[in-house]
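Asks: Make a model of this:
(chains A and B)
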Amino acid sequence: MALQPPKRKDPRRRSRVPTLPPATRSRAAIGLSVVAAEGRFALQHCAECGAVQYPPRDVCGACLGDTLVWRDTDTAATVLAETQVRASPDPYFRERLPWRMGSVKLAAGPVVLAHLAGGAGRGGDVRMELRLDRAGQGVMVALPQERSEGMEEDPALRAMGTQIKHRRILVSDARAPEARALVEGLLKAGAAHVYLGEPEAWLRWKGRAAFEAMQNVTLLPLDVTDVDSLKTLAAEIGGKVDILINTARFIRPGGVLGQDTVHAAREMEVNALGLIRLAQAFGPGMAARTADGVNSAAAFVTVLSAHALSPDPAFGAFNASQAAARSVAQTLRAEFASSGLRVACVYTGPVDDEWHQPLPPPKVSPRILARGVVEALERGLEDHFVGDVARDIAERWREDPGTLEREITGGGA
Amino acid sequence: MNRTPYDGVVLAAPFSAPYERFSQKTAHWWLAKGLRGTLDAAGIRPGDLDGLSVSSFTLFPDTPVGLTQHLGLCLRWLDSIPMGGASGVVAARRAARAVQAGDADVVACVAGDMNRIDSFRRLLSAFSRFAMDAAYPYGYGGPNANFALLTDAYMSEYGATREDFGRIAVAQRENALRNPNALMKSPLSLEQYMNARPIADPLALFDCVMPCAGAEAFLVMREDEAVKRDLPFARLSGTIERHNAFAEDPVQLRGGWVMDRDELYGMAGCGPDDIDLLQTYDDYPVISMMQIEDLGFCAKGEGPDFVRRHDLTVTGDFPHNTSGGQLSVGQAGAAGGYLGLVEALRQVTGRAGPTQVAEARRALVSGFGMINYDRGVCTAAAILTGEA
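Replies: Numbers count the residues shown, from 1 in each chain, chains lettered A, B, ... in the order given. Below is the predicted model of the structure:
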């Protein structure tokens, strides 16, 4: 049966208090969460004998080699046995019984215990994913090989995910280049409503009419540099924002040796402090509603430049604000962890907009960036790198941040 | 190399402290209860004891070392067996060698655990690193979920039905009704078993043990010491122990007993047909069925047929888990790993009272322990022989 839209909330009833699945992990097992955060399926491989390890180990279970490397791994698997857990002493699962899980043999070797979702069952060939659960930890999920319509409506996936369907979404800046494609993508994915923040609402701007014509979209005054506007809006819609997507950003080219700090200050105001203000205004309300049924609060998303990881001096001041915003997002992640509210960063390369106009390709079209945000939500990602430039920067940064810095800043040949 | 027999060493003074479902008493209290019971049965004062083997999950923050000071024992031999359901057999075989070599004169083997409200959940949550990393996040069904998967795989592989497992549970309940210390006191029909509340499919309520508090204990000593004290005793005719067997099997459909059973019977100079009664580790019926197969009473996959053809009660043609087993007596933590051994010791010494099997002389006791991740890691077995 298809997932039904939620009934109107009875304000006299207590909102269900969020509980989390078991969150404690060994240091080695944290690696599962690291790769799940990016939507990768990677396991430890022994550098000496190649044996694939699971559960995560400190030394190889085949040869005692102590160099285990996280590598992307074949997702093919077969379900050996299955059960529906109908009794559990854990409060989180107790609220969600019965819970389907099984024993799954990976083509890569190990046997894993996994959530069974989307109809995966004993004897079936499945495909594995590592996803973040509500505790923010990477967990094994067995899914049918073919994606099916409505698969993401499986209660287990819904419980751990940040799916768009039936959720009410606030996009903080209607004037961001990707806003139009993003709103269209969210509605297409089944968003119940999109609230669209409009800074400087007294200014006329091209593109407003298109939003005005859309069903289930409301334009509301919102300026992330203005605490009063945030307070007003949060008072009005704060109790029904299930997903918040921050698209507000101020960007000007140039390094930091310019004549003054006017642009730099504005970049910090909008991009870093704006994120903090948004979180202060909407975060606590969202964190209290993460177990509130079909349209529970699920995610707090912000769009960042991939140069938050390592700056491009041509946009030096802007990149400083991006590094600051990334740091803020990481702190928010820790602060929201106990509620299960996911904090997602969608990283992009140079967007094909007016401020990157003289740059050569590849550039990220607003449409691709919007698709990336939708994808991050549908897959429940924490860190999503959109476009070739962002993916390339991320890969080089993971390999060696020092070399990356010198390559970007021209220190390398 | 042939293994040295346990000549001159015997097991005596079996003691079971009656279990309680919930109790405020600590592991220290229960272990002391078990120790005192077995020492009293032999007329040994605590001050004269020189060896101790302890199994417990809930002694934290103490270890058996702390226990010696708490209980005022001055020992020259101390062992800790953290092997759950394999603890009883492993404790016995370690202690027997110590006594045989003269490292200790008398070793008291004791297992016990507390069970307060919510202590089972807390115990589970810190059980093992692999379970924490890779089992609990998946529905937190605990061992029930693990054994649901094993049972599901076993049923599909060998065509076993729920009724087959029910026969094991129902026969044990019948045995338990003879045992005044069993926590389960009402009869269980196959129909009740089949219609019970589901716990983790295909397991239902009567496939699962009830966690409780309790203790079990026995003594290991030289035969001349037992004779001097006029104690009924049993000999350890053969033992085996194995850890992490068949790691390459994708699902545990067999245990380490298969690797070692020839050695077990060879050492004891007998075969499965010579066994008068069997005590398996029964945290779930599927594991008892697996032990019946893996210890050679029937071929692999014939367990279901075997339980259909045999009467597993005290008066039946294949007496099994004669005290009622953990399924009907209760699972008192690590004491569950002693339950079968202590009962077998009573049986072959003719002291089992209401659960006594007629002419029980040779008992096979089997242990199975520690669901570290997706399967039980430790297996062990011993053959106990009473005086003719």
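
Asks: got the buried residues for stretch A:95-104?
Replies: By 16 or more other C-beta atoms under 10 Å in any protein chain shown, the buried positions in stretch A:95-104 come out as A:96, A:98-104. Yep, even glycine has a C-beta here, placed from its N, CA and C like the rest.

Asks: now swap in stretch A:294-314 and tell me
Replies: A:294-312, A:314.

Asks: can you give me how far it is from the chain middle?
Replies: On the basis of C-alpha atoms, centre = their mean, to the nearest Å, stretch A:294-314 sits 8 Å off its chain's mean C-alpha point.

Asks: average pLDDT for that stretch?
Replies: Throughout stretch A:294-314, pLDDT has a mean value of 96.

Asks: can you check stretch A:347-361 too?
Replies: Stretch A:347-361 comes out at a mean pLDDT of 91.

Asks: List, one by one, the residues from the stretch 151-300 of chain B near chain A.
Replies: By the rule C-beta under 8 Å from any C-beta of the partner chain, the part of the stretch 151-300 of chain B lying against chain A is B:152-153, B:156, B:197-203, B:247, B:250-251.

Asks: mind showing which ranges of the stretch 101-250 of chain B have poor pLDDT?
Replies: Counting by pLDDT under 70, not a single residue of the stretch 101-250 of chain B qualifies.

Asks: How about chain A?
Replies: Scanning chain A for pLDDT under 70 picks out the ranges A:1, A:411-413.

Asks: Likewise for the stretch 251-388 of chain B?
Replies: With pLDDT under 70 as the threshold, the stretch 251-388 of chain B has low-confidence stretches at B:388.

Asks: can you pull out the strands in it?
Replies: If DSSP state E, counting those that start in this stretch is used as the criterion, the strands of the stretch 251-388 of chain B fall at B:277-279, B:362-371, B:376-386.

Asks: picking that back up, of the buried residues of stretch A:95-104, which are in range of chain B?
Replies: The subset of these within reach of chain B, counting by C-beta under 8 Å from any C-beta, consists of A:98-103.

Asks: Next, format these as CSV and append secondary structure.
Replies: Written out in CSV, the entries for these read as follows (DSSP: H, G, I helix; E, B strand; the rest coil):
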residue, secondary structure
A:Pro98, coil
A:Trp99, strand
A:Arg100, strand
A:Met101, strand
A:Gly102, strand
A:Ser103, strand
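
Asks: of all the residues you listed, which two lie farthest apart?
Replies: Farthest-apart pair in these is A:Pro98 and A:Ser103; separation 16.8 Å (C-beta to C-beta).

Asks: For B:Lys228, give me the backbone phi and psi.
Replies: Note on B:Lys228: backbone dihedrals following degrees, to the nearest 10 are phi -60, psi -40.

Asks: Run a quick neighbour tally on it.
Replies: One way to gauge burial is a neighbour count; for B:Lys228, by other C-beta atoms under 10 Å in any protein chain shown, it gives 10.

Asks: now do the one 4 residues further on
Replies: By other C-beta under 10 Å, the residues close to B:Pro232 number 18.

Asks: That one touches B:Arg351, doesn't it?
Replies: Yes: applying C-beta atoms under 8 Å, one finds B:Pro232 in contact with B:Arg351, separated by 6.1 Å.

Asks: Isn't A:Glu269 up against A:Phe250?
Replies: Yes: A contact is recorded between A:Glu269 and A:Phe250 when judged using C-beta under 8 Å, the distance being 7.4 Å.

Asks: So between those two, which is more surrounded?
Replies: Neighbours were counted for A:Glu269 and for A:Phe250 using other C-beta under 10 Å; A:Phe250 has more, 20 against 15.

Asks: Doesn't the more buried one belong to a helix?
Replies: No: if the criterion is three-state DSSP, then A:Phe250 is coil and not within a helix.

Asks: surely it meets A:Leu273?
Replies: No: with contact defined as C-beta under 8 Å, A:Phe250 does not count as touching A:Leu273 (11.0 Å).

Asks: check contacts around B:Asp311.
Replies: Residues in contact with B:Asp311, defined by C-beta atoms under 8 Å, 6 or more residues apart in numbering or on different chains, are B:171, B:317-318.

Asks: A:Glu200 too?
Replies: Taking C-beta under 8 Å, 6+ apart, we find A:Glu200 in contact with A:Asp223.

Asks: and B:Val314, how many neighbours?
Replies: The number of residues packed near B:Val314 is 26, by other C-beta under 10 Å.

Asks: Can you name the residues that contact it?
Replies: Contacts of B:Val314 were listed using C-beta under 8 Å, 6+ apart, and they are B:174-175, B:178, B:322, B:355-357.
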